[in-house]
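In: 3D, please:
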Amino acid sequence: MKSNFCGVSPALGYRASVGQTEQFKHFHPTPEHVDTRSVAVRAGRIDATLIEARSIFTPASGFMADWDYTLNAYSGCGFGCNYCYAAFFARDPQRRDTWGDWVDIKQNAVALIHRFCRRKQLTGKSIYMSSVTDPYQPVERRLELTREILRTLQPEQPRLAVQTRSPLVTRDIDVLKRFDVAQVNMTVTTDSETVSRAFEPHCPRNGKRLAAIAEIVEAGIDAGITMTPLLPVDSPERFASDLVATGVERFVVQPFHPGKGRFVRGTGPAAVALADEMRWTEDRYLEVVQVLRAALPGLQEGRTGFAPPE
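Out: Prediction:
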């Protein structure tokens, strides 16, 4: 798969101007990189590094063990939610500490899918995209890497789930509709924009996410809403009403664990203070879940809510 001078396939629609090449930064290879031709470039506030990956499908295990494969076209995440467990998987401690400020772009992802399909069948296999990043990164709007991956997977007809918190997913409705089995899950964690700005400062607004998943439903694509984690909620009743209005029938909820742990990025002091101010305790979480469950009969908790689509 030939690359242009920036290292990204022309098929992905990315071109770097002469001015942009001046923004390339020194590249520090990690074990995932197979050569040192990769380059880094600023993409807004994000350090975006173009890499050659060794593989694109990971046999699912642990929490995702019900799936056949996970697929992550990016490493890191430009959304940078300050509770994100995925930060733990960054090999470099500095990268864990700067989670949300960088993203690696697996520029050879499509070529790796083609190579995989020459050896194994994907038809009917369950693929979760993505487990430790968001396939609709801010840079995806320009790169269209996820779109190209969907177009490559579609003839193989795997059972696909797309997990995102970005309304950009609606751009690819035309491709998603060509899958026999596909599901889009939208992460919506609260009804409060104040809470969202504290915990998810770089994410799209909740209203835009709800509107996007409603559009997915309207297009006839299976959809779910994941409240994972469920952050402090202003009005459980209003939140439940907004969720029902999307037309979605599958919902998943998980509790928020503040602080810094093995799978949790250190949550910002302002966010923790807000959670304390809103008395977001385990008891309050259970109270809110009870209200949601009454309005959302399909509400599930934990791993069972992430089962592959049939």
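
In: Can you name every helix or strand that the longest strand along the chain contacts?
Out: Counting residues, the longest strand in the chain under DSSP state E turns out to be strand 222-230. If contacts are counted by 3 or more Cβ pairs under 8 Å, 6 or more residues apart in numbering; DSSP states H and E, strand 222-230 sits against strand 182-187, helix 206-218, strand 250-255, helix 282-295. Every residue, glycine included, has its C-beta placed from N, CA and C.

In: Packed most tightly, which of those would that be?
Out: strand 182-187 (a mean of 24; mean count of other Cβ atoms under 10 Å).

In: buried ones in the very next helix or strand once past it?
Out: Scanning forward in sequence from strand 182-187, with DSSP states H and E defining helices and strands, the next element found is helix 193-199. Burial within helix 193-199, assessed by neighbour count using 16 or more other Cβ atoms under 10 Å, is assigned to 195-196, 198-199.

In: what two of those are the furthest from one another?
Out: 196 and 198 (7.3 Å; Cβ to Cβ).

In: Just confirm residue 128 is within a helix.
Out: No - with DSSP: H, G, I helix; E, B strand; the rest coil as the criterion, residue 128 is assigned strand and is not in a helix.

In: ok, back up a step: a markdown table for the helices and strands packed on strand 222-230, including mean pLDDT and distance to residue 231?
Out: Supplementary listing: the helices and strands packed on strand 222-230 in a markdown table, determined by pLDDT from 0 to 100; distance: least, Cβ to Cβ, whole Å:
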| stretch | mean pLDDT | distance to residue 231 |
| --- | --- | --- |
| strand 182-187 | 98 | 11 |
| helix 206-218 | 97 | 10 |
| strand 250-255 | 95 | 10 |
| helix 282-295 | 96 | 10 |
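
In: any chance of those in a markdown table, plus distance to residue 59?
Out: Listed next are the helices and strands packed on strand 222-230 as a markdown table, based on distance: least, Cβ to Cβ, whole Å:
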| stretch | distance to residue 59 |
| --- | --- |
| strand 182-187 | 20 |
| helix 206-218 | 28 |
| strand 250-255 | 23 |
| helix 282-295 | 32 |
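
In: residues in contact with stretch 225-236?
Out: Here stretch 225-236 makes contact (Cβ atoms under 8 Å, 6 or more residues apart in numbering) with 83, 163, 185-192, 195-196, 199, 213, 239, 243, 246, 248, 250-257, 274-275, 278, 280, 285, 287-289, 291-292, 305-306.

In: so where's the stretch 151-300 of the chain uncertain?
Out: When residues are selected by pLDDT under 70, those of the stretch 151-300 of the chain lie in 258-270.

In: What does the spatially most central residue of the chain show for phi and psi?
Out: Central residue of the chain (Cα atoms, centre = their mean): residue 134, 2.2 Å from the mean position. Geometry field for residue 134 lists phi and psi as phi -110, psi 120, criterion degrees, to the nearest 10.

In: Who are the contact partners of it?
Out: Each residue near residue 134 by Cβ under 8 Å, 6+ apart is listed here: 74, 77-79, 163-166.

In: same deal with residue 196?
Out: Contacts of residue 196 (Cβ under 8 Å, 6+ apart): 189-190, 203, 205-206, 231.

In: With distance to residue 223 added, can I get the residues you listed in CSV?
Out: Rendered in CSV, the data for the contacts of residue 196 read as follows (distance: Cβ to Cβ, whole Å):
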residue, distance to residue 223
189, 17
190, 19
203, 18
205, 19
206, 16
231, 21
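
In: What about these, which one has the most neighbours?
Out: Ranked by neighbour count under the definition other Cβ atoms under 10 Å, the contacts of residue 196 are headed by residue 189 with 27 neighbours.
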